[in-house]
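S.K.: My questions concern the predicted model and sequence given below.
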Amino acid sequence: MKLVITVVHDRDKNRITEALLRNGFKFTKIGSTGGFLREGNVTLLIGVEASDAERLMEVISDSCRTREQFINVLPPDTAPVGAFMASPVKVVVGGAVCFVMDVERFERF
């Protein structure tokens, strides 16, 4: 058995959770926040048989795509009054980060 911890952007959460349910995968959803952009994320804990792990990865890959977004380097509330505001910077957001771990034992009560 495998435990797949998947972190996805809030904008992708509905698409990925619907795809997981359609494909018969059970999961636990936890709200989280990214450290760089401080935007909302969702962390999914997905238990899966080792033989289904590759199919799970395909579902995740098909459901979460990266995209470009413009951000301000300094949020307006942290910039000094009258400071020059740099032009927004283009960054890549979205997609998914997956950690796959072996599970020694699994029980459901």
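M.R.: The structure has been received and is ready for your questions.

S.K.: What ranges in this structure fall below the confidence cut-off?
M.R.: Confidence mapping of the chain against pLDDT under 70 gives the ranges 34-38, 66-67, 69-86, 89-94.

S.K.: now the helices: where do they sit in it?
M.R.: Assigned by DSSP state H, the helices in the chain fall at 13-22, 53-63.

S.K.: Output those helices in CSV, with mean neighbour count and distance to residue 98 appended to each entry.
M.R.: For glycine as for every other residue, the C-beta is placed from the backbone atoms N, C-alpha and C. Supplementary listing: the helices of the chain in CSV, determined by neighbours: other C-beta atoms under 10 Å; distance: least, C-beta to C-beta, whole Å:
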stretch, mean neighbour count, distance to residue 98
helix 13-22, 15, 11
helix 53-63, 16, 6
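
S.K.: Ok, which of the ones you listed comes nearest residue 6?
M.R.: Evaluated over the helices of the chain, closeness to residue 6 peaks at helix 53-63, with 6.0 Å, by C-beta to C-beta.

S.K.: If you count contacts, what does that closest one end up packed against?
M.R.: strand 2-9, helix 13-22, strand 96-102 (3 or more C-beta pairs under 8 Å, 6 or more residues apart in numbering; DSSP states H and E).

S.K.: do that again at 6 Å, thanks
M.R.: On a contact count with 3 or more C-beta pairs under 6 Å, 6 or more residues apart in numbering; DSSP states H and E, helix 53-63 meets helix 13-22.

S.K.: Relative to the whole chain's centre, how far out is the helix it packs on?
M.R.: In terms of C-alpha atoms, centre = their mean, to the nearest Å, the centre of helix 13-22 is found 12 Å from the chain centre.

S.K.: what does it contact?
M.R.: 8, 27, 42, 59, 63, 64 (C-beta atoms under 6 Å, 6 or more residues apart in numbering).

S.K.: was I right about the fourth one contacting residue 25?
M.R.: No - proximity of residue 59 to residue 25 does not meet the contact threshold set by C-beta atoms under 6 Å, at 7.0 Å.

S.K.: Overlap in contacts, these two.
M.R.: The overlap between the contact sets of residue 59 and residue 25 (C-beta under 6 Å, 6+ apart) is empty.

S.K.: coming back round to it: so which of the helices of the chain comes closest to residue 95?
M.R.: Comparison of these against residue 95 by C-beta to C-beta identifies helix 53-63 as nearest, at 9.0 Å.
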